[in-house]
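> here are the coordinates; sequence isn't available:
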């Protein structure tokens, strides 16, 4: 480590306790310093104008930036200002990945351009973080803005700060570059930046006002053929967030929008960044480098993670009883009963919480377990195409899939339309969530008929097997299906959409069959709730008695 | 029964003494008592507050207009109803102190049902026109391209020396009864644009609907795209893609040509 770098690191160590206290002790590791003024030529070309980098929760101060600023401002104050800025991002805006996505999505509605929307969101997030810090803390941020090198957009933003903070930041209203942009500053100054519930509405207003300026700047950059000024306070890319935070953000975003097209558009806009971070869908939790991201599948994956279905276990024949053997990390949506509270420090939090992985002991006997499940999903023309809009049938099936997988059972999928004519897709028993979701999301759109011959190999030889079927019951060979269900003793959960004569016939046929539960959904929107609730009832006989 | 000691009486930052009476509840955040986060008033607070206050007044005026003119939430566009609605709008608008940005904010607030329960495009347009006509600024820019509703009657009676630029599309009756002002629509305008205008200019960057310039008495209409149909024009000029179409060969009103 070079001497200058060491000096800066010691400054950080000195000011860090004070800064942490000022920002109410956020869980952020000690910031680091990277590079100095005498770094080799070209070593830091890519981040030359950037003073602060944030990856996961690690803030890194550019020594080179601090050295360049030291003629204008003492190093300690530069460092303090940069760290105040970084800390405000973690403690106020954007706070989490979901907020970041929400702001980006709102900006995109106005700009209709991915790059511009990202720029707008970055500037907006910066204005909020800095304004919050100036209002709530003693900070050197205004001084830093006074001395930063500025392009046209930065001058307008600094002029905005001057207006809303009431401080002189060295921008004269008569400055030539500001001529013609006064109206933009005036418009920007009216936005309630610190009013969190109104951020969605505010960023649209922000985008409307600043869009012409960003377009103008882009044109100038293109004309010059070079790259423009970099944000000295660092860019806000996905590097800020860990994979867990991205998972959580996508989950929240899917739940909030409930709109497949919006989610798909957003995932596609960030696909490069997600790929760069190694975020894929393999591995069951939606991570790890693997296949390219299928936004539709990811949407149902994340949306289904918002619901969890308790699954009552059945007595199954096993070689011996289970005993806790080793630990594994707990994941969101996993059952709580196996959590080891001692090694989890009493917390339910991904990354901290651990569950016992159980192993079978020696001997023979009956033990409680979850049976595998065969899911039959109707993808005929009368059903919603899950890749066009939100299909509650797929969502319901996805929730059921999750419930079985989380209980260490395997799931097979029989996706059918006009099965005898080839309109079907069969996936054998697996615990690979991505594969299961891909088959669930497949849409044929033809007529509706089951080929029972297809089901036999999936059922044969399996004593304990649950059957889950979701359809509108407009099945041409419904009588054959009724006959088939009449013969089997497995637990069957049948969900049908809407009232129709076929559904009535199906219900009547199984009025007295105890192993078959039928659920009618009159409004498609009710599927996730009713299916989930009824399944709980179904698997919890005590609740049925009580209700 | 023993009363609980108020938190303020406990020593700042000191842990509870070992000889403290049993059953005494200790504030677990006591150590943080020494930290007092300060908040600095910023001009932003004042700006936001006054903006909200102005918006409340503008909203109140609009609600009054609806109360008086659209009691059944139905409003028919007729010469008399427009004149009457405008007179009422004028009455409330004259009393207000607002800026051009407030007018734009009001346009967006109209779509927020939590803020304004009813958006009736006719009275809303008349009210916005009155706001524009009585604004302090000579030039008003309304960036309305993200607005989901096309507002009717924008630019009604725009007076001389006023310029109104609308980024986005407008509804029917845009710029009717124009009184010498300049109205620039950055998108499309619908039917009856410029009807009964007496003077001034209407520039529509894209296309325009039927009955364009119906009973116009003077002024000019410039259309960057296509005119779907002209109205019965008395006096004035209409240009389509820089070509004079009235007075000219367009003899029959409302025909596609």
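Nice, I can see it. Given the structure is predicted, the values throughout are model-derived calculations rather than measurements.
> Can you give me the pLDDT of the residue in the stretch 151-257 of chain B that chain A sits nearest to?
Here the stretch 151-257 of chain B gets closest to chain A at one residue, residue B:167, 8.5 Å apart by CB to the nearest CB. All C-beta spots, glycine's among them, are computed from the backbone N, C-alpha and C. For residue B:167, the pLDDT comes out at 94.
> Can you list phi and psi of it for me?
phi -90, psi 110 (degrees, to the nearest 10).
> Can you name the residues that contact it?
Residues near residue B:167 by CB atoms under 8 Å, 6 or more residues apart in numbering or on different chains: B:141-145, B:186-187.
> Next, find the distance separating it from residue B:224.
Between residue B:167 and residue B:224 the distance is 14 Å, computed by CB to CB, to the nearest Å.
> ditto for residue A:142
Residue A:142 is 46 Å from residue B:224, by CB to CB.
> ditto for residue B:91
Residue B:91 is 37 Å from residue B:224, by CB to CB.
> Looking at those two now, which is surrounded by more residues?
Using other CB atoms under 10 Å in any protein chain shown as the criterion, residue B:91 and residue B:224 rank with residue B:224 on top: 17 against 14.
> Can you tell me, leaving aside adjacent residues, what's nearest to that one?
Of all residues not flanking residue B:224 in the chain, residue B:205 sits nearest, at 4.5 Å (CB to CB, 6 or more residues apart in numbering or on different chains).
> you'd agree the one you found is up against residue B:187?
Yes: in terms of CB atoms under 8 Å, residue B:205 counts as a neighbour of residue B:187; the distance is 6.5 Å.
> show me what contacts the residue of the stretch 1-150 of chain B found nearest chain A?
Nearest residue of the stretch 1-150 of chain B to chain A: residue B:44, at 3.8 Å (CB to the nearest CB). Residue B:44 makes contacts with A:131, A:135, A:164-165, A:189, A:193-194, as judged by CB under 8 Å, 6+ apart.
> now the helices for chain B?
All helices of chain B, identified by DSSP state H, fall at B:43-69, B:79-93, B:100-109, B:121-133.
> If you count contacts, what does the last one end up packed against?
Looking back up the chat, that one is helix B:121-133. When contacts are defined as 3 or more CB pairs under 8 Å, 6 or more residues apart in numbering or on different chains; DSSP states H and E, helix B:121-133 packs onto helix B:43-69, helix B:79-93, helix B:100-109.
> Can you mark which positions in the longest one are buried?
What that stands for is helix B:43-69. B:44, B:47-48, B:51, B:54-55, B:57-58, B:61-62, B:65-66, B:69 (16 or more other CB atoms under 10 Å in any protein chain shown).
> Please apply the same query to the second one.
Along helix B:79-93, these residues count as buried under the neighbour rule (16+ other CB under 10 Å): B:81-82, B:85-86, B:88-90, B:92-93.
> still on that earlier bit, let me have the contacts of residue B:44 in TSV, extended by pLDDT, distance to residue A:63 and neighbour count.
Listed next are the contacts of residue B:44 as TSV, based on pLDDT from 0 to 100; distance: CB to CB, whole Å; neighbours: other CB atoms under 10 Å in any protein chain shown:
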residue	pLDDT	distance to residue A:63	neighbour count
A:131	97	28	23
A:135	95	30	19
A:164	96	32	26
A:165	96	28	20
A:189	96	35	21
A:193	97	31	26
A:194	96	33	20
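> Which members of the residues you listed define the maximum pairwise distance?
A:135 and A:189 (14.6 Å; CB to CB).
> Name the helix or strand for whichever residue of the stretch 201-350 of chain A sits closest to chain B, please.
Proximity to chain B, evaluated over the stretch 201-350 of chain A using CB to the nearest CB, is greatest for residue A:208 at 5.0 Å. Using DSSP states H and E, residue A:208 sits within helix A:199-224.
> Please pull up the helix or strand immediately following that helix.
Helix A:199-224 is succeeded, C-terminally, by helix A:243-257 (DSSP H and E).
> how about residue 156, what does it touch?
Using chain A. Contacts for residue A:156 were tallied using CB under 8 Å, 6+ apart; they are A:178, A:181, A:184-185, A:188, A:210, A:213.
> if you could check chain B rather than the one you did, that'd help
Applying CB under 8 Å, 6+ apart, the residues near residue B:156 are B:82, B:86, B:125-126, B:129-130, B:173, B:175-177.
> Neighbour-wise, give me the winner out of the residues you listed.
Neighbour max across those (other CB under 10 Å) = residue B:175, 36 neighbours.
> what pLDDT does it get?
Residue-level pLDDT assigned to residue B:175 equals 96.
> so it makes contact with residue B:198?
No: look at residue B:175 against residue B:198 with CB under 8 Å: they stay out of range, at 11.1 Å.
> Show me what the strand or helix carrying residue A:456 packs onto, helices and strands only.
Take DSSP H and E as the rule and residue A:456 turns out to sit in helix A:452-459. On a contact count with 3+ CB pairs under 8 Å, 6+ apart, helix A:452-459 meets strand A:372-378, strand A:411-416, strand A:424-430, helix A:478-487.
> and stretch A:372-383, average pLDDT?
Stretch A:372-383 comes out at a mean pLDDT of 92.
> Can you list the buried residues in that stretch?
Across stretch A:372-383, burial judged by 16+ other CB under 10 Å covers A:372-380, A:382-383.
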